[in-house]
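Undergrad: Mind folding the following:
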Amino acid sequence: MRIATWNVNGLRARLDFVKHWLAERAPDVVGFQELKLTDDQFPHADFEALGYRCLTHGQKSWNGVAILSKLPLEPIEAGLPGQAEFGARLIRARVGEGPRALDFTTLYCPNGKDLDHEDYPRKLAWFEALRGWAEGFVRADESAVLCGDFNIVPTPLDSWSEEELAGSIFHTDAERERYAALLAVGLRDLYREREPATKAFSWWDYRGGAFHRRQGLRIDMLLGTPAVVARLRSVEIDREYRKKKGELTPSDHAPVVAVLDAE
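TA: The predicted structure follows:
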């Protein structure tokens, strides 16, 4: 089973690029973030033509998340309880059947903007709400995945320059403490399970040639329970799809893909 997460940074602008990736990589289930369109604008037919069922939690111009699956897909919930004012940022579903099934959530965590902005303490509160919500269903012996754009750099290893950026947005102790508290409910970072010491990134600014200068951040994660880790074969950041494909412009994020045993 191939699972993936990807912040597509505007699905309307990126549709052909995303379809290219789906056709080439053929994940079984993928969580998208930052759709920037409403549910009624979502291009279901394009994805159904590629064999995907779709669940969406959209919003005009901002935010928005979706789950695409080639496997049976059953909705569980949309939206983080008590955090509706921060927009459409979470959707959860049951994917697959029997021993293959996953409790699969994709989320787009608030950015926070900067330490002096009112969104920064709201971001911290959102993460506290996320932890409380996840604590209600995450169990070590059940296969659950939380994936998405977390807008936090978990450790210095995940930043292109901790020396320059320590204490700035995404790099604060308060953000990292809340991310660690989320993991403490029983989740593990699938990329770090296979690449504990690799300095790799999933986001690069469009400006200043950041991608080619390797000035990125690892803020897009696949988190899984121990039951998922036991099934984990491999995980990678798909840097090839941070590059242009002909005239198609990529997102500023790369997909993150993991392969799990079927059972």
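
Undergrad: CA only for contacts and neighbour counts going forward, please
TA: Noted.

Undergrad: Residue 30: what secondary structure?
TA: Three-state call for residue 30 (DSSP: H, G, I helix; E, B strand; the rest coil): strand.

Undergrad: mind listing what it touches?
TA: By C-alpha atoms under 8 Å, 6 or more residues apart in numbering, the contact set of residue 30 is 3-6, 67-69.

Undergrad: repeat for residue 254
TA: By C-alpha under 8 Å, 6+ apart, the residues touching residue 254 are 6-7, 202-203, 237-242.

Undergrad: from those, which two are the most distant?
TA: In those, two members sit farther apart than any others by C-alpha to C-alpha. They are 7 and 240, at 14.8 Å.

Undergrad: Now do stretch 154-164: distance from first to last residue.
TA: Stretch 154-164 stretches 16 Å from its first residue to its last (C-alpha to C-alpha, to the nearest Å).

Undergrad: circling back: and the contacts of residue 254 as JSON lines, adding distance to residue 136?
TA: Formatted as JSON lines, the contacts of residue 254 follow (distance: C-alpha to C-alpha, whole Å):
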{"residue": "6", "distance to residue 136": "25"}
{"residue": "7", "distance to residue 136": "26"}
{"residue": "202", "distance to residue 136": "29"}
{"residue": "203", "distance to residue 136": "30"}
{"residue": "237", "distance to residue 136": "30"}
{"residue": "238", "distance to residue 136": "32"}
{"residue": "239", "distance to residue 136": "34"}
{"residue": "240", "distance to residue 136": "37"}
{"residue": "241", "distance to residue 136": "35"}
{"residue": "242", "distance to residue 136": "35"}
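
Undergrad: Cross those residues against strands and list the overlap.
TA: The strands, defined by DSSP state E, take in 6-7, 203, 237 from the contacts of residue 254.

Undergrad: what residue ranges in the stretch 101-250 of the chain score low on pLDDT?
TA: Of all residues in the stretch 101-250 of the chain, none has pLDDT under 70.
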